[in-house]
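Trainee: Starting from these lines, generate the structure:
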Amino acid sequence: MALALGILAADQTASHWVKPIVERPRPCNVLEGVLTPMGPRSSLSFPSSHAANMGAALVLLLLTFGRWGWVFFPLALASGLSRIYLGLHYPSDVMGGYLLGAGIGWGAWRVVELLKARSSRSRPRAARGPTRGSRKDRRRHA
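Mentor: Coordinates of the predicted model:
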């Protein structure tokens, strides 16, 4: 759940909140000699939404799987480098996307953890099972 929430929040924040504020054109639209297979694009450049999504995913996978989350790092790096190679983003667009996504990913993790903690506290005691010294426990050991 945290992964879906983090990627969704990172993508929407980068695309619909930050890009319209910064209004940075793509390098393929302003620099001569920068060609991209897709031709000039009308969308904005900073931050890279792909990098924001990858930053959020990487942080969430690291928090979930510990050091095994680093297995995902080459994919996240390749995604960002491909955006630069294709002339769609400046390196700072990709770095900004990674940082934005990492922050949002960490925030999504915290929100889900708080909701899980609150959910476990609000369940009735019977749903959580017998506690030490409960009637069921005493009957079993009598």
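
Trainee: and the closest residue to residue 13 other than its chain neighbours, how far is that from residue 52?
Mentor: In space, and not counting its chain neighbours, residue 13 is closest to residue 104: 6.2 Å by CB to CB, 6 or more residues apart in numbering. The C-beta positions use only the backbone N, C-alpha and C, and glycine is treated the same way. Distance, residue 104 to residue 52, using CB to CB, to the nearest Å: 7 Å.

Trainee: tell me the centre residue of this protein?
Mentor: residue 56 (1.9 Å; CA atoms, centre = their mean).

Trainee: what helix or strand does that residue sit in?
Mentor: helix 49-65 (DSSP states H and E).

Trainee: now do residue 100
Mentor: helix 91-122.

Trainee: What residues of that helix count as buried?
Mentor: Under the neighbour-count criterion of 16 or more other CB atoms under 10 Å, helix 91-122 has 93-98, 100-109, 112 buried.

Trainee: and it, what does it pack onto?
Mentor: The contact analysis (3 or more CB pairs under 8 Å, 6 or more residues apart in numbering; DSSP states H and E) places helix 91-122 against helix 2-12, helix 49-65, helix 73-85.

Trainee: Which of these sits closest to residue 18?
Mentor: helix 49-65 (8.6 Å; CB to CB).

Trainee: List of residues touching the closest one?
Mentor: Contact with helix 49-65 is made by 2-3, 6-7, 9-11, 13-15, 19, 69-70, 72-73, 75-76, 79-80, 83, 89, 93-102, 104-106, 108-109, as judged by CB atoms under 8 Å, 6 or more residues apart in numbering.

Trainee: And stretch 111-118, by the same measure?
Mentor: 1, 2, 5.

Trainee: mind redoing it with 10 Å?
Mentor: Stretch 111-118 is contacted by residues 1, 2, 3, 4, 5, 6, 9, 60, 63 when judged by CB atoms under 10 Å, 6 or more residues apart in numbering.
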